[in-house]
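quick one, what's the 3D model for this:
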Amino acid sequence: MQKKIIAVAMGGYSSEYEISIQSGQLVYDSLSKTQYDVFRVYVTKDKWYYKAGDGSEFEVNKADFSFSDGNNTIHPDVIFNAIHGTPGEDGLLQAYFELIDIPHTSCNYYQAALTFNKRDCLSVLKSYGVHCANAYYLNKGDEIKPEEIIKKVGLPCFVKPSRSGSSFGISKVKTIEELPKAIEFAYKEDAEILIESCLVGTEVSVGVIEYKGEILVLPATEIVSENEFFDYEAKYLGKSQEITPARIPDTERERVKAEAKRIYELLNMTGLSRSEYIIQEGIPHFIEMNTNPGLSPESIIPKQALAAGISLEELFGNLVEQAFEKK
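Residues are numbered from 1 along each chain as shown. Below you'll find the model as predicted:
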């Protein structure tokens, strides 16, 4: 049987470039080489290219995402999208892949764009009764009214870019005097920001996947950060404990599991997602959803899959097969 050709797209244009390279490499290493011919494709602002084992580079033809391997022209059957941030997680690549009619492992472009914009996603989900933090929205250039903001969200609060990943640009603000500096910091990542009340409780991360035709909620991971919150250092530099399965009562485990599945279905999600919650007084409060979550060896989803008894070869292979079947 002829092997399917898989291009693992990695890199991107955002601060998460290096994390995406690690994710893409783990996908490349884990996909079955007996089932698939796998190629690493790097997407950067300067160029898109396939990088061969000997280090030689071959530019991608953006008309159909084909590229040379040095001997033949390669036309991928499926794109495994391992790009975090723009353009792989905000809908741009998804729309491009759909235009050129190539199956890909991520969700559709609308779901990607919606969930990538934290404040738009929260606005949609609140209308369905999903519990979230109180929030105040700002666009760059808006007048900043510290007293009005604090009256709405209280102290401490979080200032976040609306479209950013890996906790880039986020600050925890404890006094009203710290607010302008935190807002300026968030604007370095995005022209749209949100300021949220500080929820108090257990933080958990929940992966949801389409697995063998069914929606499957993976075991929740409890986040215990040594820092003020689950920031970049906590996520990637060892300044946190990530405990899978989470040490929470069964009632809370079932509630957050049901809420994660409900949100996945409400948003008409496909593929793989990871959503974050603070369980405050027994009630899961939704924080955000990642539709191209980290897949590096340190990332949460690979650990959750293994806890569910799913190997990385099975996890990534399932995403490839489902993408192919949809076409």
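
ok, what's across the strand from Ile79?
Beta-bridge pairing for Ile79 (DSSP bridges): Ala7, His104.

tell me where the stretch 201-327 of the chain has helices.
Applying DSSP state H, counting those that start in this stretch to the stretch 201-327 of the chain gives helices spanning 232-236, 250-266, 300-307, 312-326.

out of those, which gets the lowest mean score?
In terms of mean pLDDT, the lowest-scoring of the helices of the stretch 201-327 of the chain is helix 232-236 (a mean of 49).

can I get the helices of the stretch 201-327 of the chain in a markdown table including distance to Thr175 and mean neighbour count?
Glycine gets a C-beta too; all of them are placed from N, C-alpha and C. As requested, the helices of the stretch 201-327 of the chain are exported to a markdown table (distance: least, CB to CB, whole Å; neighbours: other CB atoms under 10 Å):
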| stretch | distance to Thr175 | mean neighbour count |
| --- | --- | --- |
| helix 232-236 | 22 | 18 |
| helix 250-266 | 32 | 17 |
| helix 300-307 | 32 | 21 |
| helix 312-326 | 44 | 19 |
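
so which of those helices is nearest Ser225?
Proximity to Ser225, assessed across the helices of the stretch 201-327 of the chain by CB to CB, is greatest for helix 232-236 (4.2 Å).

to Tyr42, which of the helices of the stretch 201-327 of the chain lies closest?
Going by CB to CB, the one of the helices of the stretch 201-327 of the chain nearest Tyr42 is helix 312-326, 18.4 Å.

rewinding a little: Ile144 is nearest to which of the helices of the stretch 201-327 of the chain?
Per CB to CB, nearest to Ile144 of the helices of the stretch 201-327 of the chain: helix 232-236, 25.0 Å.

pLDDT below threshold where in the stretch 151-300 of the chain?
Scanning the stretch 151-300 of the chain for pLDDT under 70 picks out the ranges 165-167, 227-239.

let's see that with 90 instead.
162-169, 189-190, 212-213, 225-241, 296-299 (pLDDT under 90).

for it, which segments count as strands?
With DSSP state E, counting those that start in this stretch, the ranges of strands along the stretch 151-300 of the chain come out as 157-161, 171-173, 192-197, 202-211, 214-217, 221-225, 240-243, 272-280, 283-290.

looking at the ones you listed, which is closest to Ile149?
Closest to Ile149 of the strands of the stretch 151-300 of the chain, according to CB to CB: strand 192-197, at 5.7 Å.

contact partners of that closest one?
For strand 192-197, contacts defined as CB atoms under 8 Å, 6 or more residues apart in numbering pick out 117-119, 122, 133-140, 149, 152-154, 157-163, 173, 179, 183, 186-187.

stretch 146-157: which residues count as buried?
Within stretch 146-157, the residues scored as buried using 16 or more other CB atoms under 10 Å are Ile149, Ile150, Val153, Cys157.

circling back to that earlier point, between the strands of the stretch 151-300 of the chain, which gets nearest to Val41?
Taking the strands of the stretch 151-300 of the chain one by one with CB to CB, strand 272-280 is closest: 18.9 Å.

so what secondary structure elements neighbour that closest one?
Counting contacts by 3 or more CB pairs under 8 Å, 6 or more residues apart in numbering; DSSP states H and E, strand 272-280 is packed against strand 202-211, helix 250-266, strand 283-290, helix 300-307.
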